[in-house]
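Colleague: What follows is a predicted protein model with its sequence.
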Amino acid sequence: MLDKKLIEDHPYISYTKPILSDEEMLERSISFYEAMDSRRSVREFSNRAVPREVIENLLKTASTAPSGAHKQPWTFCVVENPEIKKQIRIAAEEEEQQSYESRMSSDWLEDLKPLGTDWRKPFLETAPYLIIVFRRIYEFATDGKKKNNYYVQESVGIAAGFLLAAIHNAGLVSLTHTPSPMNFLTKTLNRPENEKPFLLIPVGYPAEDCWVPDIQRKGLEDICVFY
Ligand SMILES: Cc1cc2nc3c(=O)[nH]c(=O)nc-3n(C[C@H](O)[C@H](O)[C@H](O)COP(=O)(O)O)c2cc1C
């Protein structure tokens, strides 16, 4: 039972979920797993347009994620403007070229080989939308003082996961992209100092002739321990 004083001071709503049969639960858990297992990171996009309302719904879904003290410490910047996409591509490729040529360790480059990535990022112009996820380190209170958010990294990571799942569920594809370092995005998108770039996610349809690496995912025995 909830504390009476708490309910008086803060609004609460009753929350229930229907209890499913074991069979239905099993069936739903398998079908969701299979749906998610077919998600792939795509690096070859079509320039086919996607309705903006779809993107808005994907972002609303991302923002249903849990967050530390419900601060929802995220901002999603959506870039459709070809000129801004071009600026982002140029800046990202500049950083990535330096990374691939001198900043990444030989182990890292070796690990990337099967993915076939290099510093060239044409998808930053081809994809109809670039969603840049920013984490909000703090907020400004009404008196102008800084107010820290909590577990920002974890919260924004979960929201980004919801976003990737929503994109996939809508029949679209994405890439989780981290041009390194990403600070240029703050400048290009004119973001305030309390926001730090977290991920750059191109969204759209795959190119007609799209290929992805034939990777294998770890089995249950390698990722979990039951006690
Ligand atoms: C945090 C993070 C950063 C990533 N950064 C990049 C990136 O900068 N460029 C890229 O091509 N892929 C990037 N990826 C995508 C991974 O390479 C990809 O998720 C992995 O190879 C598994 O493939 P899948 O997403 O198709 O399952 C990133 C993924 C994550 C989770």
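Modeller: All right, it came through fine.
Colleague: so where's this structure uncertain?
Modeller: Along the chain, segments meeting pLDDT under 70 span 1.
Colleague: give me that answer again for 90
Modeller: 1-9, 144 (pLDDT under 90).
Colleague: what residues does it put near the ligand?
Modeller: 40-41, 43, 115, 117, 175-178, 212, 215 (CB under 6 Å from any ligand atom). Where C-beta positions appear, they are placed from N, C-alpha and C, glycine not excepted.
Colleague: List buried residues within these.
Modeller: 43, 117, 175, 177 (16 or more other CB atoms under 10 Å).
Colleague: from these, which single one is nearest residue 91?
Modeller: Nearest to residue 91, judged by CB to CB, of these is residue 177 at 12.8 Å.
Colleague: surely the closest one meets residue 203?
Modeller: No: if you go by CB atoms under 8 Å, residue 177 and residue 203 don't touch, sitting 11.0 Å apart.
Colleague: mind putting the residues of the chain next to the ligand in TSV, secondary structure included?
Modeller: Below are the residues of the chain next to the ligand laid out as TSV (DSSP: H, G, I helix; E, B strand; the rest coil):
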residue	secondary structure
40	coil
41	strand
43	coil
115	helix
117	coil
175	coil
176	coil
177	strand
178	coil
212	coil
215	coil
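Colleague: Which single one of the residues you listed is nearest to residue 15?
Modeller: Nearest member of the residues of the chain next to the ligand to residue 15, counting by CB to CB, is residue 176, at 31.8 Å.
Colleague: ok, that closest one - contacts?
Modeller: Residues in contact with residue 176 (CB atoms under 8 Å, 6 or more residues apart in numbering) are 41, 160, 164, 199, 201.
Colleague: cool, and residue 107?
Modeller: Residues near residue 107 by CB under 8 Å, 6+ apart: none.
Colleague: continuing past whichever strand or helix holds it, what's the next helix or strand?
Modeller: Assessed by DSSP states H and E, residue 107 sits inside helix 106-112. Scanning forward in sequence from helix 106-112 by DSSP H and E, the next helix or strand is helix 123-126.
Colleague: Just the CA atoms of that next one, as CSV, please.
Modeller: C-alpha atoms of helix 123-126 as CSV (Å, rounded to 0.1, in the frame of the first residue of the first chain):
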residue,chain,number,x,y,z
PHE,A,123,25.5,7.6,-45.6
LEU,A,124,25.7,10.9,-43.7
GLU,A,125,24.3,12.6,-46.8
THR,A,126,22.3,9.8,-48.4
